[in-house]
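>>> Have a look; sequence and predicted model below, questions after that.
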Amino acid sequence: MASNNGAPADNKAPAINVLAQYAKDLSFENPNAPRSLQPRESSPNIEIKVNVNARKVGENDFEVELALEGQAKDGDTLIFHVDLTYGAVFRVVNIPEEQIHPVVMIECPRLLFPFARQIVADAVRNGGFPPLMIDPVDFAALYRARAEETAGNA
């Protein structure tokens with residue numbers, strides 16, 4: 001926000017700004033095509049994995065990567081495999097130091113998730129299958145589970 005003279009106003013409100021977002025890595029495999037595209041009698045077993053990583057890239061800037069991996073199997077036969085690493089650079093300002101890690105690991109991936117979900121859905125659909133619609137992810141629960149795992153290994 002600018003003051004009347006065009007100088008920036010002194011704003012102390014907490015803020016998360018997306019400076020850039022991008023697909024860092026995307027892979028779709030359909031190893032048994034065209035056989036995998038045949039109608040089947042039962043629904044495939046679908047497995048989804050979610051992971052979040054972050055690193056500081058500037059004084060207030062963090063690169064956050066949301067990794068989504070999905071696969072469908074019919075018994076032991078792989079139908080498809082999709083793997084996406086979706087990243088963004090966030091600027092985090094006016095947030096207390098002790099709250100920065102949870103904000104970066106919970107709120108930032110929450111902002112990225114809809115974009116990553118759409119990329120995965122489109123990749124699977126473009127591979128000849130119905131779009132893979134990933135259920136919303138509880139990033140706070142994922143953060144707590146990772147913190148407990150880290151504490152258990154210490």
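It's in. Numbers count the residues shown, from 1 in each chain.
>>> in this structure, which spans are strands?
Ranges of strands within the chain are 15-29, 45-56, 61-74, 77-93, based on DSSP state E.
>>> Please compute how far the longest one lies from its chain's middle.
Per CA atoms, centre = their mean, to the nearest Å, the displacement of strand 77-93 from the mean C-alpha position of its chain is 5 Å.
>>> now swap in stretch 17-35 and tell me
12 Å.
>>> Report the buried residues of that stretch.
21, 28, 30 (16 or more other CB atoms under 10 Å). From N, CA and C alone the C-beta is placed, and that goes for glycine too.
>>> what's the pLDDT at the first one?
Think Gln21. For Gln21, the pLDDT comes out at 97.
>>> cool, the last one as well?
In the prediction, the pLDDT value recorded for Asn30 is 94.
>>> Chain neighbours aside, what residue packs nearest to Arg55?
Take Arg55 and drop its neighbours on the chain: the residue closest to it by CB to CB, 6 or more residues apart in numbering is Glu63, 5.4 Å away.
>>> separation between that neighbour and Ala123?
22 Å (CB to CB, to the nearest Å).
>>> Could you do Tyr22 as well?
Taking CB to CB, one finds Tyr22 at 15 Å from Ala123.
>>> and what of Gln21?
Taking CB to CB, one finds Gln21 at 17 Å from Ala123.
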